[in-house]
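In: Whatever this is, show me its structure:
(6 chains)
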Protein chains: 6
Amino acid sequence: MFYHVKELQHPAKPECPDPVFARKLQEILGGQFGEISVALQYLFQGWSFRGDEKYRDLLMDTGTEELAHIEMLATMIARLLDGAPVGDLEDAAKDPVIGAILGGMNPQHAIVSGLGAMPADSVGNPWTASYINASGNLLADFRMNLTYESQGRLQAVRLYEMTNDRGVKDMLSWLIARDTMHQNMWQAAIAELEAQENIVVPSTFPRHLEKQEVSYTFFNLSRGEESSRGRWASGPSMDSMGQFQYVAQPVPFGRKPKLKPAPPYMHNTMLPGHHHNIPPHLA
Amino acid sequence: MFYHVKELQHPAKPECPDPVFARKLQEILGGQFGEISVALQYLFQGWSFRGDEKYRDLLMDTGTEELAHIEMLATMIARLLDGAPVGDLEDAAKDPVIGAILGGMNPQHAIVSGLGAMPADSVGNPWTASYINASGNLLADFRMNLTYESQGRLQAVRLYEMTNDRGVKDMLSWLIARDTMHQNMWQAAIAELEAQENIVVPSTFPRHLEKQEVSYTFFNLSRGEESSRGRWASGPSMDSMGQFQYVAQPVPFGRKPKLKPAPPYMHNTMLPGHHHNIPPHLA
Amino acid sequence: MFYHVKELQHPAKPECPDPVFARKLQEILGGQFGEISVALQYLFQGWSFRGDEKYRDLLMDTGTEELAHIEMLATMIARLLDGAPVGDLEDAAKDPVIGAILGGMNPQHAIVSGLGAMPADSVGNPWTASYINASGNLLADFRMNLTYESQGRLQAVRLYEMTNDRGVKDMLSWLIARDTMHQNMWQAAIAELEAQENIVVPSTFPRHLEKQEVSYTFFNLSRGEESSRGRWASGPSMDSMGQFQYVAQPVPFGRKPKLKPAPPYMHNTMLPGHHHNIPPHLA
Amino acid sequence: MFYHVKELQHPAKPECPDPVFARKLQEILGGQFGEISVALQYLFQGWSFRGDEKYRDLLMDTGTEELAHIEMLATMIARLLDGAPVGDLEDAAKDPVIGAILGGMNPQHAIVSGLGAMPADSVGNPWTASYINASGNLLADFRMNLTYESQGRLQAVRLYEMTNDRGVKDMLSWLIARDTMHQNMWQAAIAELEAQENIVVPSTFPRHLEKQEVSYTFFNLSRGEESSRGRWASGPSMDSMGQFQYVAQPVPFGRKPKLKPAPPYMHNTMLPGHHHNIPPHLA
Amino acid sequence: MFYHVKELQHPAKPECPDPVFARKLQEILGGQFGEISVALQYLFQGWSFRGDEKYRDLLMDTGTEELAHIEMLATMIARLLDGAPVGDLEDAAKDPVIGAILGGMNPQHAIVSGLGAMPADSVGNPWTASYINASGNLLADFRMNLTYESQGRLQAVRLYEMTNDRGVKDMLSWLIARDTMHQNMWQAAIAELEAQENIVVPSTFPRHLEKQEVSYTFFNLSRGEESSRGRWASGPSMDSMGQFQYVAQPVPFGRKPKLKPAPPYMHNTMLPGHHHNIPPHLA
Amino acid sequence: MFYHVKELQHPAKPECPDPVFARKLQEILGGQFGEISVALQYLFQGWSFRGDEKYRDLLMDTGTEELAHIEMLATMIARLLDGAPVGDLEDAAKDPVIGAILGGMNPQHAIVSGLGAMPADSVGNPWTASYINASGNLLADFRMNLTYESQGRLQAVRLYEMTNDRGVKDMLSWLIARDTMHQNMWQAAIAELEAQENIVVPSTFPRHLEKQEVSYTFFNLSRGEESSRGRWASGPSMDSMGQFQYVAQPVPFGRKPKLKPAPPYMHNTMLPGHHHNIPPHLA
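Out: Numbering: from 1, shown residues only, chains lettered A, B, ... in the order given. As a prediction, this is how the structure comes out:
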C-alpha cells in the first residue's frame, strides 16, 4: 500500500518555459528507459518475488522512489509548457524563435494534454508495458535493471547537454546522481547473487544437458577476423568453467530443411503437377 | 552485405508434431527476448558503432549468428505444426487430446500463417522494435545484450522443461549452449570496457556536475528495513568512488509544486469565481 | 513523493491455485480499464492540474489508492499461479482438469514471468498508455474517470461470476465496493463542476461561434425511426440552452469534394491523357 | 448495410493550404478521441446490443454520422496539403515560412500518403482499436461516449484557436456544434437509464455481496487534507444509498504478503542456502 | 456522407452458438486482412484520391460494402457467443465439451465485450491502422487492395474448413464470393492502369535516373542455384524494357563503412587511448 | 545460416550531413514498406514454404539482399547525423538553418540512438511485425511482395525528390533500380503461378461452394454511377469464369438482426420492465 506526500523529492522548476525542451524531456519520463519503465519494472519484480525479503524490499524501495521521479518530470514538463504559443504558423514564422518553437514542440502538448506531461516518449509513442519485464529470476532481472539505469543515465546526460536552463540542469543533476547510485546498487546486488550462484543465468540448469561443445565457442560469421582481438575469443571463460575458442570459418551443423507439404484443408500453394486440384474432402 | 547457405546451423527436427508447443516456442522466436530481438539489436548496434572495429565485428558476427537461430526456430515451429488439426470443436472434444490441442494452439497458426512460424510471441503479440535499442554507448548496450541473453536462456530452459520431445530438446540444448557462450562473451566485453572506463555509464560525465551528496545514498521508502541487509546499503560503492549510505527515513527535498494557471486559449478547467468565463480574446 | 508500507490494503489470498483464472484476472490489472490505467490516469491528471488544490488532492489520493490495487491483484495472481503445471500436453490430456489448465492458462505466465503477474490484459496485450488521458480540463477528465470506474466495476463483477473461490471473491468484493465509492466520488466531483460551469465541455467556448442551428439536432441516419423514441429526440436540451430536434430524413449540407491534382514531384497516379508523363522537373 | 452519397455533410474547404495545420488536425481524425474512435465505438456498441431497439438505432444513427465526419476531416486535410513543399532544407531555410512548414509538417504526409490524410494522430501514432470499447452494458458505454464527445469537443476548440483560416474555422464550428448535440444526447440517454437503474454500474450486482463498509469511504492517501473540502467527502452519496465518509489517516487491512517459493522447474532465483542447486528432476 | 439501413447485406445466423469459433472468426473482422482493414483502406484511398472520379467512386462503393461486412461478422460473432459459459474451470472440466469451450474461447468476449464482437483479431490484438495504407498512387494502392482480398479470401476459406455449422458456412460462402469479385475487380482496375502507364510503380520516374545496370539483375545470395529455374532469372523483363540476368556469385559494390567518431556531447563509447576523457566543453 | 561481409552492397555516403533528411530516410528503413519489412517478410515466407525449392530459394535470395539494404540505409542515416547539433533552442533560432534543423530532426536520434539509425519510421513509430505476413499460399504472398516493392519504390522516389545531395541520390538510385527488378521479379513469379492455378486466391476452393450469384457483381453503393465506367463493371471477368455485372441500386439480402438477451451473469444492460433486477442466481 502506498502513501503520497505533496512535496517533491527534489525541486523541478525551470528558469524559463521551453516547450521544445519539454518535448525532449518526455523521453526520460515515458520512453523505453524512462521513469515509468523503471518504476513499474521494479514494482512488478517486487510483487512477484518469491524469496528473501531483503531483495523484495530493495525492489519496492527503489520502485517507490521512481514514482517520485515520474512526479518530478511531470511537474517540470508542465512548467516548461507554461504559456506555450499555439497560434497560426504564418504569423509565427515572422519571429524565428516563435516559429522554431511551434515547429519543434509536440502538438499534443497543446491539443491533447492542455500543457501537461504525457505518458509518452519524445516523439509521442505512448508508453507500453512491452518495455519491461519481471521474470522471477533475480539475477536476470537485476541485469535488466542495471541496463535500464545505464541507458537512462546516458539519456539524462545527453539532455543535460541540450539545455542552458539552470533549473532544468539542477533537476537533471539529481536524476543523474540517483542513476549513479542505482547503477552501483544493482551492481552490488548482482555481485551478491553471482557469488552465490554462477554468472550464467539460470544457474540451475545442469550443464551436461546443454551442447557443451559450443558453450564457449565464438563463430566468426563476418568475413575478416577483427573480432578475434577481444577477451571473448580466447582464454578462460568468464564463468571459469571453460576456455573461449575462436572458429574462424564456421560451417553449418544441420542439413537443408525440407518441410512436409501442407494438408489440403490449408489451401496453401498447390503442388506442381496438381493443377486446379480441389482438396479431396471438398470435391 | 549478407550471404545465406541453405543448411541450418544445427538440426531443428521434432520427433512428433505438437501444435501447442509450437505456440509456446514462438516466445523465443518473436517475443521480447527472442531471436528477432537479439539479431536486430546486435546488427543495429554494429551498424551505428563509431569506433574500434573489433567491437563492430563482434556485434556483426553475433547478430549474423542470431539470424540462423531465427531460421532454426522458424523451421522447428513449421514442423511442430505439421498436419495440425483445425476442425470442429464438438467433434474434437470427444478425443481429449485433440480437444486440448485445438484449445491450446494458436488459431493464427492455422488461419493466418498456414502452419508456419509467425514473427510474434507465445500469445500472439507481433514483434516490435520497441523491444530493442542501440544507443551508441557500448557499455550501456553490452549490458543490454547480457540482459537479453540472460532472459533468453532462462526462457529456453523453461521451454526445455515443458516438452518430452527429444528433437526439440536437442535443438534447445544447442540454443542454451549458445546463450551460455553469449553471456560469457558479453561479460568479457563488458569487463574490457569497464577496465578502460568506469563502471558507471556514461563514464564521461564529470562527477562534480551531479548531486554527489546522493550518488551513493539508499532511500528506504518501504516502511521496514529489510533492504538494509544488502551489499548496496553500506561499505564502499562498486565504482570505488564513494561509500554506500542508508537513509532509514527519507524526506522530500523539494516543495509542493504549484503550477501556473493555463492560458485561456487552452480551455482547461475554469478558475473558481470566474463562472462562465469566456476567454477575453473570444468574447 | 511516495512511501510504501508492506501490508496490503486488503487481503489477496485465494483458497486454491487456479492458473486459468489468473489469466482472466489480468484484465482488471493490465487491461484497458484495469488498475494500471486508473492509477496512472489519476496521477497524471493530478500532476498536470493547474488550479484548485482540492481537486489535485482528490486525484492524488485516488491514484495512490489505485497503486495499492495493482499490488493486491499482482499478489493474487502470483498466488493463483502457485505450482502451475507446465508439462507435456499428451501426458496432461489424460487428466481433463490438467489438460484444461494447460490449454487455458497464459503460456507467458510460465515462460516469461516465472509465475508472476504481468502488466498485460487477459489475452496478453501489454498495457499501453494510449488507454489513458489527462487533458487539463477537469470536467472532461472526471467524466473519463467515471467511465473507467464504470467499466472497471462491470469487469470485476463479471469476474466475480466466474469463480467459486472464496478468497478471490473476498478480494473482488473489496474492489467492487471501492469502485462503488469511486463512481459516487467522480459523480460528486462532476456535479460540483457542472454547477459552476455548464454541462457542455469546454464551457468556455462562446456558443455563437459554433453552428448553433445544429447544436441540438438529431440526424436519423439509419432508415427507420426507432431513435425518435428517446429523450434526446425532443424536449429541452440537457444544458437548458435549446430544444432537441429530430430530422427524420437528413440531407448533406456540403458538395461533392473535388481535390486538386497532386504536384508531379509526388508521383501519384498519372492523369489520364498524360501517358508516361515524366514530371517536367525530372525530364 | 450502408450507402454513401458523394456530398459532404458540411463543407470542408480551407482558404489556403497549411500543411502544418494539416498535421495538427489529424488529432481529431485519428487520435484517441478522434472521429475514427467515435464512429467505430458507436457502431460496435450498436452491433453488439442485445435489447431495446431505440438504443441500437441511436447508436447506429450516430456512428453513421461520425463516418461523415471522418470524411470531412480527410477532405480538409488533403486540401490543407495541396502543393505542400517537400524540398531540400538548406534552400528552404532561407525563407522562414517555408522552413517552418518543412520543419513542422508530418513527413509521412509527403512520403507515405502522397498529400492525403492518414488514419493517425497529430504525432503519427496509427489509430488503434485499443482506444475503444463496447461492453454490452449501455450505461457504462454511454458514459464512455459522453467522455469521448467531451474530450473531442475540447480538442476541436483548441484547434479552432490555432488557426486564422476561415474555411477551417467554419468546418470546426460545425463539428463543435455536433459535439454539443452529442454531449447533450448522451446525457439524455444516460438520464433515461439512470432513472431506470441506479447510477452505479452495473446496477444488477447485489450490494450485500460487496464490502459495504468501504462503499462510500474516501481514503486520504496524500498527506494533507485538501481533499476533504469536496462534495465527495461528506453528506449523502450520489446514489442515495449511503453517506460519504472521510478517513484522514487510512491504514492497511491486509498483511504483508509472503509468496510460496517457485517450483524448481521454473528456474527462478535460487533459495539462499541451496547453492548451485540443480532441480531434483534434472539431477 | 453515409446512410445505414437496418437489414444486413446477407444473413448472419449460425445454427448453434460456438464461442470458440467466435474467437477464430475475429480474424477476418479485426485482423490484418479483416473487414475493418479493407473498409478503412478503401475509404481513405477514396477520400485522398486526386483524379478521375470513376476510381474514387470504385473505392467508395467498395469501402461502403465492406462496412456491411463488418456488420455481418459482428452480428455473427454476437450470436456465436449466445449464452457462452463463463463458469469455474474445475466444474467445467468434468464435461469435456464445456472444458474445451472455456479453454478455447477468448476471455475478453466474456469479461470485456459482454458477448459481443471486438475490433480485434483471433488472438486479441486490437486492430491497428498500421495495417493499411493510402499512398495517392492508385496502381500501388490497387495492388495492395488485391493483396488484401487474396489474403482475406484465403483466411475465409480456412475458416470455412473449421466449422460444420451450416449458418456460418452460408455467410462465409457469401464473403468468399464477394472476395472473388473483389479480386477480379482490382485485377481489372490494375489492368486498366497498367495499360496506360507501365507496370513499374511509379511510372513517372525517369529510368535513366536509376542504376539501370541492376534494374533486371537477380542476385543469387543463397548458395545453390535453384532460384535460376524461374521466369525471373532470364528472358525479357515483365515491363518489356530489359532482359533478366542471373548473377550466380554476387559481390559487394561498396566498401567497408567507417563512421566518424561521435561528438563528445553524445557521450557515446570512449575512444581507446582516451581513458576517462571528460568532454572538453564540460571539463 | 547466414554469413556477413563487411563491404556494403552499394556505397552509402552523403556529400554532407543532413539530420532532417536522416529522419525522413527512416521511412524506408523502418516504416511499413521499409527494408526491415521486406527482409523479414521474404525470409519468413521462405522458412515456412512447403513446396518447390526454387520458390524457397527465390525468397531466401531476395530476403538476404534486403538485409544488405537495411545495412546501407543504417549506414547512410548514421552519416547524415554526423555531428548533428543538439543545443539550446534560443541560441539556435538565431541561425535559421540551425533552427530548422533542430526543429525538424528526430530528437531520438540525439537522445536515444546517439546519432545512429533507429528501427523506426520517419515519425518515430517502432517497426512492428504486424506490417508483414507469410500465409503459406505463394500467390497471395507474392502479391503482397509486389505491393511492398511498389509502395517502397514510390517512397524512395519521393525521397529522391526531397534532397539535392548527390551521395544520397546515388544510393537511392540503386535502391530504386533494385525495386524495379523486384517488381519485375514478383510479376514474373506471379505469372508462373497464375498460369498453373487460377488468378483467384486460393484456387483450390471449389467454386460451387461460394455464392456464385454474386461472384462477379459490382454493387454501386455510392449514389451516382461513375463507377460503371470501369473495366470491372461489364465484360468477361478477369478469371474468364464469369461476366461482370453492375447493380445500380443494390438492396439488402438479409433481415434486421435481433440478438438474444444476454444471460444475467453478464450484467449487461437491464431489460426494460425489469427494474433493479438482481440476477436470480445472485438474489
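In: In terms of helices and strands, where is the residue nearest to A:Y42 when sequence neighbours are not counted?
Out: Nearest residue to A:Y42, sequence neighbours excluded (CB to CB, 6 or more residues apart in numbering or on different chains): A:G63, at 3.4 Å. The C-beta positions use only the backbone N, C-alpha and C, and glycine is treated the same way. If you go by DSSP states H and E, A:G63 is part of helix A:53-80.
In: one step back: how many neighbours does the residue nearest to A:Y42 have?
Out: Neighbour count of A:G63, defined by other CB atoms under 10 Å in any protein chain shown: 23.
In: On the pLDDT front, check it for me.
Out: pLDDT, A:G63: 98.
In: That one and F:V5: what is the separation?
Out: 46 Å (CB to CB, to the nearest Å).
In: Kindly report the same for A:S135.
Out: Separation of A:S135 from F:V5 (CB to CB): 37 Å.
In: and the closest residue in space to A:P263 that isn't next to it in sequence, what is it in contact with?
Out: Leaving aside its chain neighbours, A:P263 sits nearest to B:G83 (5.5 Å; criterion: CB to CB, 6+ apart). Listed by CB atoms under 8 Å, 6 or more residues apart in numbering or on different chains, the contact partners of B:G83 are A:260, A:263, B:17.
In: Those in helices, which ones?
Out: The helices, defined by DSSP state H, take in nothing from these.
In: ok, the closest residue to chain F within the stretch 51-200 of chain A - how many residues close by?
Out: Per CB to the nearest CB, A:V123 is where the stretch 51-200 of chain A lies closest to chain F, at 3.2 Å. Counted by other CB under 10 Å, the residues lying close to A:V123 total 27.
In: now do the one 3 residues further on
Out: Each residue near A:P126 was counted by other CB under 10 Å, and the total is 19.
In: For beta bridges, what are the partners of it?
Out: Assessed by DSSP bridges, A:P126 has beta-bridge partners A:A120.
In: so who does A:L159 touch?
Out: Taking CB under 8 Å, 6+ apart, one finds A:24-25, A:27-28, A:172, F:111 in contact with A:L159.
In: next one: A:V247
Out: Residues near A:V247 by CB under 8 Å, 6+ apart: A:217-220.
In: any chance of those residues in a markdown table, plus neighbour count and pLDDT?
Out: Formatted as a markdown table, these follow (neighbours: other CB atoms under 10 Å in any protein chain shown; pLDDT from 0 to 100):
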| residue | neighbour count | pLDDT |
| --- | --- | --- |
| A:T217 | 19 | 98 |
| A:F218 | 27 | 97 |
| A:F219 | 23 | 98 |
| A:N220 | 24 | 97 |
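In: Next up, the contacts around the residue of the stretch 101-250 of chain A found nearest chain E.
Out: Nearest to chain E, among the residues of the stretch 101-250 of chain A, is A:E161, at 4.4 Å (CB to the nearest CB). By CB under 8 Å, 6+ apart, A:E161 lies in contact with E:265, E:267, F:86-87.
In: cutoff 6 Å now
Out: A:E161 makes contact with E:Y265, according to CB atoms under 6 Å, 6 or more residues apart in numbering or on different chains.
In: go on, the one 10 residues further on?
Out: Listed by CB under 6 Å, 6+ apart, the contact set of A:M171 reads A:12, A:76.
In: can you map out the helices along chain A?
Out: Taking DSSP H, the helices of chain A run over residues A:19-30, A:35-48, A:53-80, A:89-92, A:96-104, A:107-111, A:138-161, A:166-196.
In: on that earlier part again, who's the closest spatial neighbour of the residue of the stretch 51-200 of chain A closest to chain F, skipping the chain neighbours?
Out: Nearest residue to A:V123, sequence neighbours excluded (CB to CB, 6+ apart): F:G124, at 3.2 Å.
In: what's the pLDDT at the one you found?
Out: With respect to pLDDT, F:G124 has a value of 98.
In: Tell me if I'm right that A:N106 and A:K24 touch.
Out: No: when contacts are counted by CB atoms under 6 Å, A:N106 is not listed as touching A:K24 (9.4 Å).
In: overlap in contacts of these two?
Out: By CB under 6 Å, 6+ apart, no residue touches both A:N106 and A:K24.
In: Count the residues that sit near the nearest residue to A:V157 once chain neighbours are set aside.
Out: In this structure, A:V157 finds its nearest non-sequential neighbour in B:F205, 4.7 Å apart by CB to CB, 6+ apart. Neighbour count for B:F205, taken as other CB under 10 Å: 25.
In: Can you report phi and psi for B:F205?
Out: Dihedral pair for B:F205: phi -90, psi 120, per degrees, to the nearest 10.
In: how close does it get to A:G31?
Out: B:F205 is 19 Å from A:G31, by CB to CB.
In: got the angle between the helix holding A:G63 and helix A:35-48?
Out: 160 degrees (axes from the mean of the first three to the mean of the last three CA atoms, to 10 degrees).
In: now helix A:53-80 and helix A:166-196, what's the angle there?
Out: Going by the same axes, to 10 degrees, helix A:53-80 is angled at 160 degrees with respect to helix A:166-196.
In: How many neighbouring residues does the residue nearest to A:M144 when sequence neighbours are not counted have?
Out: If the residues on either side of it in the chain are set aside, A:M144 comes closest to B:T147, at 4.7 Å by CB to CB, 6+ apart. Neighbours of B:T147 under the rule other CB under 10 Å: 24.
In: shaky segments in chain A?
Out: A:89-90, A:93, A:271-277 (pLDDT under 70).
In: Spell out which parts of it neighbour chain C.
Out: Residues of chain A lying near chain C by CB under 6 Å from any CB of the partner chain: A:1-5, A:9, A:47-48, A:60, A:64, A:67-68, A:74, A:78, A:114, A:116, A:119, A:126-130, A:134-136.
In: switch to 7 Å and redo it
Out: For chain A, the contact set with chain C under CB under 7 Å from any CB of the partner chain comprises A:1-5, A:7-9, A:30, A:40, A:44, A:47-48, A:60, A:64, A:67-68, A:71, A:74-75, A:78, A:112-117, A:119-120, A:126-130, A:132, A:134-137.
In: Check the burial of A:D57 by counting its neighbours.
Out: When neighbours are counted by other CB under 10 Å, A:D57 registers 25.
In: That one contacts B:L221, doesn't it?
Out: No: between A:D57 and B:L221 there is no contact under CB atoms under 7 Å: 9.7 Å.
In: care to break chain A down by domain?
Out: Chain A breaks down into these domains under automatic domain parsing: A:19-196, A:207-283.
In: Quick one: end-to-end length of the longest one, please.
Out: For domain A:19-196, the separation between the terminal residues is 49 Å (CA to CA, to the nearest Å).
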